[in-house]
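S.K.: I'll drop the sequence and a predicted model, then ask my questions.
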Amino acid sequence: MKLRDSDYLRLMMFVKQKYGINLENKQQLIENRLSNYITERGFTNFTDFLNVVFADKSGYEVANVINLLTTNHTYFMREAEHFTHLTEQFLPLMEKKCKDKDIRIWSAGCSFGNEPYNLAMCIDDYFGFRKKSWDCKILATDISLNALMTAKDGVYKKDALLGLSDKWIDKYFIKLSDNLYQVCDRIRNEVVFRYHNLMEPISFKKKFNLILCRNVMIYFDAPTRDGLCQRFYDATEDGGFFYLGHTELMSKNTKYVKKQPAVYQKIIIP
């Protein structure tokens, strides 16, 4: 299905203004990723479909479009260096620092939930029997309602679990069939899923000890990335950390201090 130049321009401008996603020079990608979905929805051309998308006040249709344009294959233990830092450096530091035993973590752009559930497993494994005295609930947000609903179910195909040990699969999943596994209730209860557009102000009541925004900003141009990184910085507790995707660029104007590849810390110098 071909995308007319006029439809491409209005979609590109709308997505850029509302969600910060840069679709410049992505006309072919849009055609490839949306054509089948548009046909399944009963439309024969992009123009009629986009008219419905822009008229939908619920935001459901545009969220599905964004999800189709940006979501890639997700799996557990993706960019494993972050989970190593989490268990070997972040959690030991927070265990000493957080006297109220409250660790606040935000998975921004959580997609289908692999990342926040993976964090919850690492935390559970680190604390062991001590976990019951800690509040480590993870906030997981995304702009795709479809992704959030799927994430809440916590059901994954077997190939998404390849990065996990057999011990963890037995401990943290329920086998539904030969190819489907569901995250156990104990871990699912540690994650709170919410809709959030990263272009909107960050107005959560408390700041976070750790924010992850991995493989999301690859779709943003430099000014959009700069503004978002500043908002993340303002939402980070002093001494807190920020994890970025290894293939992404950090804002050149960031106040975060780089600790290792794709790991940054908010350090306030008196």
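M.R.: It's in.
S.K.: Please state the offset of the host helix or strand of Asp226 from the chain centre?
M.R.: Taking DSSP states H and E as the criterion, Asp226 maps to helix 222-234. Relative to the mean C-alpha coordinate of its chain, helix 222-234 is positioned 16 Å out (C-alpha atoms, centre = their mean, to the nearest Å).
S.K.: Could you check the angle whichever helix or strand comes after it makes with helix 222-234?
M.R.: For helix 222-234, the following helix or strand on the C-terminal side (DSSP H and E) is strand 236-244. Per axes from the mean of the first three to the mean of the last three C-alpha atoms, to 10 degrees, the angle that strand 236-244 makes with helix 222-234 is 140 degrees.
S.K.: returning to that earlier point: in the helix holding Asp226, what's buried?
M.R.: 224-229, 231-233 (16 or more other C-beta atoms under 10 Å). Where C-beta positions appear, they are placed from N, C-alpha and C, glycine not excepted.
S.K.: for stretch 97-107, same thing?
M.R.: 98, 103-107.
S.K.: now what about the helix holding Asp226, what contacts it?
M.R.: The contact list for helix 222-234, computed with C-beta atoms under 8 Å, 6 or more residues apart in numbering, reads 20, 22, 108, 198-199, 201-202, 211, 213, 217, 220, 242, 249-256, 266.
S.K.: Buried only: go through these for me.
M.R.: The neighbour-count test (16+ other C-beta under 10 Å) applied to these identifies 20, 22, 108, 198-199, 202, 211, 213, 217, 220, 242, 250-251, 254, 256, 266 as buried.
S.K.: Show me which pair in those residues is furthest apart.
M.R.: Distances among these were taken as C-beta to C-beta; the most separated pair is Asn22 and Lys266, at 26.7 Å.
S.K.: what sits against the closest residue to Leu244 other than its chain neighbours?
M.R.: Counting by C-beta to C-beta, 6 or more residues apart in numbering, Ala262 is the residue found nearest to Leu244 once chain neighbours are left out, at 4.9 Å. With contact taken as C-beta under 8 Å, 6+ apart, Ala262 is in contact with 79, 81-82, 214, 243-246, 248.
S.K.: and Ala262, how far is that from Ile187?
M.R.: Distance of Ala262 to Ile187, computed by C-beta to C-beta, to the nearest Å: 24 Å.
S.K.: now swap in Phe54 and tell me
M.R.: Phe54 is 39 Å from Ile187, by C-beta to C-beta.
S.K.: how about the strands in this structure?
M.R.: 105-108, 138-142, 155-157, 173-175, 180-183, 191-195, 208-213, 236-244, 257-260, 263-265 (DSSP state E).
S.K.: okay, the ones you listed, which one's buried deepest?
M.R.: strand 105-108 (a mean of 26; mean count of other C-beta atoms under 10 Å).
S.K.: what helices or strands is that one leaning on?
M.R.: Secondary-structure packing of strand 105-108 (3 or more C-beta pairs under 8 Å, 6 or more residues apart in numbering; DSSP states H and E): helix 114-127, strand 138-142, strand 208-213.
S.K.: C-alpha coordinates for that strand, PDB please?
M.R.: Extracted in PDB, the C-alpha atoms of strand 105-108 (Å, rounded to 0.1, in the frame of the first residue of the first chain):
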ATOM      1  CA  ILE A 105      12.600   2.800  39.700                       C
ATOM      2  CA  TRP A 106      11.000   3.900  36.400                       C
ATOM      3  CA  SER A 107      11.100   2.000  33.200                       C
ATOM      4  CA  ALA A 108      10.300   4.700  30.600                       C
END
